[in-house]
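# show me how the following folds:
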Amino acid sequence: MRASRAILGLAGAAVLAACGAGAGAGAAGSQVGSTAQGGPGAATAARPAAARPAAARPALRVLVLTQTRGYHHASIPTALAALQRLAHVDGRYALVPLASAAQLGPSTLRGAAGVVFLLTSGELPLSTAGKQALTSFVRGGGTLIGFHSAADTFHHWPGYIRMIGAEFSHHPLPSTQRLIVEDRGNAATRTLPASFQIHEEFYVFTHDPRRISHVLVRLDTGPGGPDRPLVWCRRFGHGRVFYDALGHFLQTWQDARQIALVSGGVAWALRLGPAGRC
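Next up is the predicted model:
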């Protein structure tokens, strides 16, 4: 019970820091769980000036899809609960869960600020018109956010792969590895340590995301090892894309470093914090 309160406190601090005027990131701290180690950290920031209280503003609508037509992650409920807590604490955006990708279309996207592919997989039932609508939505200024197996989704839709930044190829057995934070100037990584260890399922992609994206976090593969980006952000037309390859295990969604990545990444993608480099 104490651990749960601690996790909620970290998540709240993460989002409130992400929403500050001078720091667009969530809090980072020691791992909440038994599978990761890392440096603690915290961030505080002044409340941004506003013409009226933030509570009086209508919340941005963020559509969340968890549908799977391939591998179904047991961590989905934990991941969704984490996102819901962050949205509730922030108050400037609200999640709208979708039962199926078939619901993504012009009428659903109209008025939405972003779409989250949360551990989705496989060829989802999105029509040609729906695919065109989603592409136009992001290119026109909307937000696309993907977590983990979002890169293992729509393998037969090149446009989606271009938007999200990479396509899943395979992964070795889960292991505890060191991650290197390349850029701590983005809201997603500002409070993270320069490096940290975590137990995860680390994806390998069919092509290097670095060619078209700004890499925030990579796997430490040692001197001369292959380049293995894991977290990145990018612009797509007038829109913003944020992708985090972590999240296979439910413990990851209870880890303060992942919560920092999520809260800050969502804030950056929804333009709720400093632009940072991307």
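# residue contacts, C278?
The contact partners of C278, taken as Cβ atoms under 8 Å, 6 or more residues apart in numbering, are N186, H214, C233, R234, R235, R240, W268. In short, each C-beta sits where N, CA and C put it, glycine included.
# residues touching the third one, list them.
The neighbours of C233, taking Cβ under 8 Å, 6+ apart as the test, are 186, 188, 213-214, 216, 240-243, 265, 268-269, 276, 278.
# rewinding a little: may I see the contacts of C278 arranged in CSV, with secondary structure, distance to I180 and pLDDT as well?
Below are the contacts of C278 laid out as CSV (DSSP: H, G, I helix; E, B strand; the rest coil; distance: Cβ to Cβ, whole Å; pLDDT from 0 to 100):
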residue, secondary structure, distance to I180, pLDDT
N186, coil, 14, 94
H214, strand, 15, 97
C233, strand, 16, 98
R234, strand, 19, 97
R235, strand, 23, 97
R240, strand, 23, 98
W268, helix, 19, 97
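# quick one on the thing from earlier: out of the contacts of C233, who's nearest T143?
A269 (4.4 Å; Cβ to Cβ).
# all the strands of the protein, in order from the start?
Ranges of strands in the chain, per DSSP state E, are 36-37, 60-65, 93-98, 112-118, 143-147, 168-170, 175-181, 195-200, 204-205, 214-219, 229-236, 239-244.
# pick the most buried one from these.
For the strands of the chain, the largest average neighbour count (mean count of other Cβ atoms under 10 Å) is found in strand 143-147, namely a mean of 26.
# how many degrees apart are that one and strand 229-236 in direction?
For strand 143-147 against strand 229-236, the angle by axes from the mean of the first three to the mean of the last three Cα atoms, to 10 degrees is 170 degrees.
# what about R184, how many neighbours?
Neighbours of R184 under the rule other Cβ atoms under 10 Å: 16.
# nearest residue to it in space, please, no chain neighbours.
For R184, ignoring the flanking residues on the chain, the nearest one in space by Cβ to Cβ, 6 or more residues apart in numbering is R190 at 5.7 Å.
# tally of neighbours for the one you found?
Neighbours of R190 under the rule other Cβ under 10 Å: 27.
# that one contacts G264, correct?
Yes. Applying Cβ atoms under 8 Å as the test, R190 and G264 come out as touching, 6.4 Å apart.
# give the contact list for the closest residue to V138 other than its chain neighbours.
Closest residue in space to V138, ignoring its immediate chain neighbours: G239 at 3.9 Å, by Cβ to Cβ, 6+ apart. Neighbouring residues of G239 by Cβ under 8 Å, 6+ apart: F137, V138, R139, G140, G141, G142, T143, L144.
# show the pLDDT at G239.
At G239, the model reports a pLDDT of 98.
# repeat that for G273.
G273 is assigned 83 on the pLDDT scale.
# can you get me a residue count around T128?
T128, neighbours per other Cβ under 10 Å, totals 8.
# with the one 5 residues further on instead?
The number of residues packed near A133 is 18, by other Cβ under 10 Å.
# try the one 5 residues further on
Residues near V138, counting by other Cβ under 10 Å, number 24.
# now G159
Around G159 there are 14 other residues, counting by other Cβ under 10 Å.
# quick check: the closest residue to L179 other than its chain neighbours vs C233, distance?
Of all residues not flanking L179 in the chain, V217 sits nearest, at 5.4 Å (Cβ to Cβ, 6+ apart). Going from V217 to C233 by Cβ to Cβ, to the nearest Å gives 11 Å.
# now swap in A82 and tell me
Distance of A82 to C233, given as Cβ to Cβ: 20 Å.
# if we can go back for a sec, contacting residues around the residue nearest to L179?
Neighbouring residues of V217 by Cβ under 8 Å, 6+ apart: L179, I180, V181, E182, T189, L192, P229, L230, V231, L261.
# need the max-distance pair from the residues you listed.
Most distant of the contacts of V217, by Cβ to Cβ, are L192 and P229, 15.3 Å apart.
# quick check, pLDDT for V32.
Listed pLDDT for V32 reads 34.
# nope, A25 is what I meant
Looking at A25, its pLDDT stands at 35.
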